[in-house]
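Engineer: I would like the atomic coordinates for the input below:
(2 chains)
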There are 2 protein chains.
Amino acid sequence: MKHTKIKDLLAGSSLLQEVVAKGWVRTFRNNQFIALNDGSTIHNIQCVLELDAFPEETIKRITTGAAISVKGTLVESQGKGQKYEIQANTLEILGDSDAEKYPIQPKKHSLEFLRENAHLRIRTNMFGAIMRVRSTLSYAVHKYFQDNGFFYVNTPIITGSDAEGAGEMFQVTALPLDGSAPRNEDGSINYKEDFFGKHTNLTVSGQLEGEAYAMALGSIYTFGPTFRAENSNTSRHLAEFWMIEPEVAFNNLDDNMDLAEDFIKFVIKYTVEKCEDDLLQLEARLIDEEKSKPQADRSEMTLMEKLKFVLENNFKRVSYTEAIDILKGSKPNKNKKFQYLIEEWGADLQSEHERFLVEKHFKCPVILFDYPANIKSFYMRLNDDGKTVRAMDILFPGIGEIVGGSQREERYDVLIEKMQALNIPEEELWWYLDTRKFGSAVHSGFGLGFERLVLFVTGMTNIRDVIPFPRTPQNAEF
Amino acid sequence: MKHTKIKDLLAGSSLLQEVVAKGWVRTFRNNQFIALNDGSTIHNIQCVLELDAFPEETIKRITTGAAISVKGTLVESQGKGQKYEIQANTLEILGDSDAEKYPIQPKKHSLEFLRENAHLRIRTNMFGAIMRVRSTLSYAVHKYFQDNGFFYVNTPIITGSDAEGAGEMFQVTALPLDGSAPRNEDGSINYKEDFFGKHTNLTVSGQLEGEAYAMALGSIYTFGPTFRAENSNTSRHLAEFWMIEPEVAFNNLDDNMDLAEDFIKFVIKYTVEKCEDDLLQLEARLIDEEKSKPQADRSEMTLMEKLKFVLENNFKRVSYTEAIDILKGSKPNKNKKFQYLIEEWGADLQSEHERFLVEKHFKCPVILFDYPANIKSFYMRLNDDGKTVRAMDILFPGIGEIVGGSQREERYDVLIEKMQALNIPEEELWWYLDTRKFGSAVHSGFGLGFERLVLFVTGMTNIRDVIPFPRTPQNAEF
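Structural biologist: Okay, here's the model as predicted:
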C-alpha cells in the first residue's frame, strides 16, 4: 500500500481511512505515542500504539531517528496538540537508530555542534524549517521573473576572465601543483597546456555575460553559485554562495530600484504565505535566542512583524551625498563611537555606517544611490557631475547590504576610458565592449546575495546556517 | 513614456493607442519598414515610417543591430505577415551598429561562426528561440518539483570529496602552481595551507549530499552546475553542464522510473504549450538542416511530432539482460556492423548499442534497468541475485542517455563491503555512511543532464549550441 505524506495526512483528507505513513521518529512517549516526521511539514503526526499490541522487540527499536512505516486508521485526535492521529495496527522498523550513538537527540544542540553535523542537522525542526523556507524563496525568485517576462540564463561558472572585478578568485585547473606544470620560456606557467588552454577561475559574478544576453533578450536573470576566495571568517560571508542577477535593457537606475523593491517584496510575501508554520517556528526560536541578550539589544519586532514591515513600507531612497551629511552630523560620529569616522564626501561606507542609517536613523530598508565613482566598479554609468556613478545598494536591518546594482555605462568611449584608467585589458573584454559597439542602450541590473535574503527571512544570524553545506576558510566538509 | 514589450504589442491590447517600442533592428526595407525585435518573442514588430518624414541622417543609422526607440500608433497591418504594426511618428537611435562591422548580418551564419560570437549569437532568431526554450524548460523543472512537494537543495559546488565517483574532476585551489606551494615532509603538497585546509575539486554530482537531505525532508531535488575534466571533444559533452538530481525517501526503482517518466513528460508538455512559436522556428531550422542529409538519414518525424510522440507513448522498460539478448541477436551484431560486438552478458553498452535499441528496435524512449553490478557505481542497491544492481538509464532517440539513476543501497553492511572492495575510504564518506546507520530506508533518485534535455526539445545536434557560453577542452572564452 502506498504511503501518504504527513502534510497530507494532517490536512485530514483521508479521515477514517486506512493509511500508511513513513518517516523518522522524533519522540516516543509511554511506549505508546510516536511523533513521526517525514520532512514534508514541520508538524509531526502522532501514531498511537495500543498497549501490548506490539512485541517488545519492536517497541525497543522505536528510538529517536529510527525510520519506520506505520499502517493504521486516520482518526480525529482526542489529545491536545494535534487534530488528527493514526491508530496504528501495523508497524515496521525500516532502519534502526542506536539511541546511544545518534547525534541528534531530542534536546537543544548548539548551532556549532549542528554545523559539524550538517548532514543530520536537517533532521531538526529548526533546519527543516530553514531549508523549506530556502526552497520556497528560490521558487519565488523564479516565479517572479518568469511571470514578468524575464528569461533565466545560466552564465558560466568557470571563467577565463580575471576582470569581473568583484573580488578574489579561486583558480580552476587540471595541472599539477607540485612544480611539474608545463612552463613558458620565461618560466611562467604555460596555461595553454591546461584543460581550457588558458588560466581559469571560478566566477565572482555573471553580470557581464548577463548584460550581453539582456542586450538581445531584453530582460534576463541569473540564479547560480558564485565564489570569493577571501579569508573572511565572519557570520556574513561564504566562499561559495548563490546569487541572483537580473539585467534589463532600457531600464535606468530608477527602474532598477523599482524592480529590486518590487522583487524583494514579492518573494517575501510569497514565502510568508506558503511557509507560515515554518516561519512561526523560526520566530519562536528567535525570541528564545534573544532572551539571552540584554533588553536593549533585543529586536523590537518579532520575525513576522519584521517581514510584514518590509512588505508594508517603501524602501527609503537616499543619495550617497545625503547619507554622508546625515552620518557626519550623527551622534556616533560626533561622539567618536564609529570605528571609522566620517569626515568628508568620498568616504567608503562601512558596515557600522550602513547599520546606523538603516537601524537607527531611517528604521527601514534603505536604497543608497549615486556613489562616488572611485569607490565603485568600472562598468557603472558616470553621472553628468563627472564624479558620481549610477550605483545603488540596498541595505537591510540586521543584514546590511543585500543588493548591489547600477545602471551600466552604455557609452563605448566613456567605458573604454574607465577601463584604461584601471588597467583592465581591452582584449580580455572584447566581447563585452562589442555590446557597446553594436546597438548599445541604457540598461541596468543588480545582484542579490541569496543567503543574505534567507538570513533575513528566517531570522537566523549566521550565514552558515542558511545553506546546506557551507564553504568557508578551512572548511569544505561533506 | 514607458515602452511596451513587443510580445504585448503583438497581442494587440493597445490597438489604436500611442505606444513606444524599444529594440534592435533586424531588417530595414525600402527606407520604410523596420523589423524590430526586443527578445520578448521571436516575432518582430513592423514599424512603418512615412516616406520623407524622417531626416536622412536618421534613416542612414537604421542598420541591422542598431538599438532604437519608436513611438507611434499601434494599428492593424495592411501588409502580409503581421497582424499589427506601428505607424511611427518619432524615432530615436539609441545605439548605432556599423553595418560594415556588425558580425551578425541578416543572412545564414554557420553554427561554428556563431559559437565564436556567443555574445552576439543570442541576437539571432535561432538562438533567441533556443534560450527562451531553455529558460522555460528550467522553470518547468522547478514547477514540477515544487508542485509535487519536493524541496530544492543547493548541494555544494566545491567538494572536499574525491569519491563522488562520476568522473574526472577539476581542482579548485588558491595555491600557486609554480612549485612554491607549501609541502609536507614527504614532499607532497600541504593542502592544510590551501584555502579550505584540504584538497578540493569541483563537484561531479550532488547526489550524496542530496541523499542526506532526502533522508530528512523526504523529497528533494538539486538543479545546479556540475563538472567533468574529461577530454571529450564531442557534440554531446561539456566540461560544465547543469544537472537535475531528485532524490526520494521510500521510493524503490519502480517508483523512480515512474517519477522520471512523469517528470520528463511534464516539462516537455509545459514547454510545448508555452513556447510554440519558438519551437516552430526550431522545427523549420531542423527541416532545413536535414535537407543536406541523404534521405535515409533524415528524421521520419518533425520536431513537434517527436515531442508529441514522447508525450503520448510509454517509455519502454527493458532489463539489461533482455537488452543483451536483443542486441546479441540483432543484425548489426551478426553482421559485425557494431564497433563493439556484444558477445556475452556483462558487456558495457556503448552509444551504438543504446541507439540501436532506441532508434531501430523499440523506436521510443527506453528505460534499461538491473545492470551488472560491476559496471555501475558503488552506491546502487544490490539485487538478490548478487550480480545485478537496481540501476536505470533512460535512453532517448538522437540523444542517447538522458537520465541515469538507481535505487540506493540502504543496507550499511552491504554498502561498506562494496566501498572496501573498491578502495573508497570510509573516513571520507563518514557522513554518507551515517545516513545508513541512523534511520536508513529505501530511497531512489536520478540525474538528468539538463543540456541533453534542451538538445532533445530544441532539435539541435551540438550541445554547445544549447548553453549560453559552453566550456569544452581548450575553450573558456567569454
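
Engineer: Every contact and neighbour count from this point should use C-alpha atoms.
Structural biologist: OK.

Engineer: any idea how far A:Met131 is from A:Asp178?
Structural biologist: For A:Met131, the distance to A:Asp178 equals 40 Å [C-alpha to C-alpha, to the nearest Å].

Engineer: Pick out whichever of the two has more residues nearby.
Structural biologist: Between A:Met131 and A:Asp178, A:Met131 has the larger neighbour count (other C-alpha atoms under 10 Å in any protein chain shown), namely 25 against 17.

Engineer: wait, what's in contact with that one?
Structural biologist: A:Met131 makes contact with A:122, A:466-468, B:151, B:153 under the criterion C-alpha atoms under 8 Å, 6 or more residues apart in numbering or on different chains.

Engineer: Return the member of those nearest to B:Tyr371.
Structural biologist: B:Val153 (28.7 Å; C-alpha to C-alpha).

Engineer: what's the neighbour count on that closest one?
Structural biologist: 25.

Engineer: in what helix or strand does the nearest residue to it once chain neighbours are set aside lie?
Structural biologist: Closest residue to B:Val153 apart from its sequence neighbours, by C-alpha to C-alpha, 6 or more residues apart in numbering or on different chains: B:Thr222 at 5.2 Å. Using DSSP states H and E, B:Thr222 maps to strand B:219-227.

Engineer: just to revisit the earlier point, didn't the residue nearest to B:Val153 look like it was pressed against B:Trp242?
Structural biologist: No: between B:Thr222 and B:Trp242 there is no contact, the gap being 9.9 Å when judged by C-alpha atoms under 8 Å.

Engineer: out of these two, which sits in the more crowded spot?
Structural biologist: Taking other C-alpha under 10 Å, B:Thr222 and B:Trp242 do not tie; B:Thr222 has more neighbours (24 against 19).

Engineer: The more buried one and B:Arg471, how far apart?
Structural biologist: Using C-alpha to C-alpha, one gets 21 Å for the distance from B:Thr222 to B:Arg471.

Engineer: buried ones in the one helix or strand A:Val70 maps to?
Structural biologist: Per DSSP H and E, A:Val70 falls inside strand A:67-76. Neighbour-count burial for strand A:67-76, counted by 16 or more other C-alpha atoms under 10 Å in any protein chain shown, picks out A:67-75.

Engineer: A:Phe227 contacts A:Val204, doesn't it?
Structural biologist: Yes: in this structure A:Phe227 lies within contact range of A:Val204 using C-alpha under 8 Å: 5.1 Å.

Engineer: which neighbours do those two share?
Structural biologist: Taking C-alpha under 8 Å, 6+ apart as the contact definition, A:Phe227 and A:Val204 share the neighbouring residues A:Met169.

Engineer: quick one: contacts for A:Gly459?
Structural biologist: Neighbour list for A:Gly459: A:282-283, A:286, A:303 [criterion: C-alpha under 8 Å, 6+ apart].

Engineer: what do you get if the cut-off is 10 Å, keeping everything else the same?
Structural biologist: Residues near A:Gly459 by C-alpha atoms under 10 Å, 6 or more residues apart in numbering or on different chains: A:130, A:279, A:282-283, A:285-287, A:302-304, A:306-307, A:398-399, A:453, A:466.

Engineer: Next one: it relative to A:Glu354, how far apart?
Structural biologist: A:Gly459 sits at a distance of 19 Å from A:Glu354 (criterion: C-alpha to C-alpha).

Engineer: Ok, A:Tyr144 next?
Structural biologist: A:Tyr144 sits at a distance of 28 Å from A:Glu354 (criterion: C-alpha to C-alpha).

Engineer: more neighbours, these two?
Structural biologist: Legend: neighbour count by other C-alpha under 10 Å for A:Tyr144 and A:Glu354, higher for A:Glu354 (23 against 17).

Engineer: Am I right that that one falls within a helix?
Structural biologist: Yes: secondary structure of A:Glu354 (DSSP: H, G, I helix; E, B strand; the rest coil): part of a helix.

Engineer: ok, how many other residues are close to the residue nearest to it when sequence neighbours are not counted?
Structural biologist: Of all residues not flanking A:Glu354 in the chain, A:Gly400 sits nearest, at 6.4 Å (C-alpha to C-alpha, 6+ apart). A:Gly400 is flanked by 25 other residues according to other C-alpha under 10 Å.

Engineer: what does A:Met126 give?
Structural biologist: Applying other C-alpha under 10 Å, we find 19 residues neighbouring A:Met126.

Engineer: same deal with A:Gln420?
Structural biologist: Applying other C-alpha under 10 Å, we find 12 other residues in the vicinity of A:Gln420.

Engineer: before we move on, what about A:Leu94?
Structural biologist: 18.

Engineer: Give the buried residues for stretch A:243-262.
Structural biologist: Using 16+ other C-alpha under 10 Å as the test for burial, stretch A:243-262 gives A:243-253, A:255-257, A:259-261.

Engineer: quick one: it near chain B?
Structural biologist: Yes: against chain B, stretch A:243-262 shows contacts by C-alpha under 10 Å from any C-alpha of the partner chain at A:249-250.

Engineer: any weak-confidence spans in the stretch 151-300 of chain A?
Structural biologist: Low-confidence segments of the stretch 151-300 of chain A (pLDDT under 70): A:163-166.

Engineer: Could you pull out the helices in it for me?
Structural biologist: A:207-217, A:253-274, A:276-290 (DSSP state H, counting those that start in this stretch).

Engineer: hang on, the earlier thing: any idea which of the buried residues of strand A:67-76 is closest to chain B?
Structural biologist: Chain B lies nearest to A:Ala67 out of these, by C-alpha to the nearest C-alpha, at 4.3 Å.
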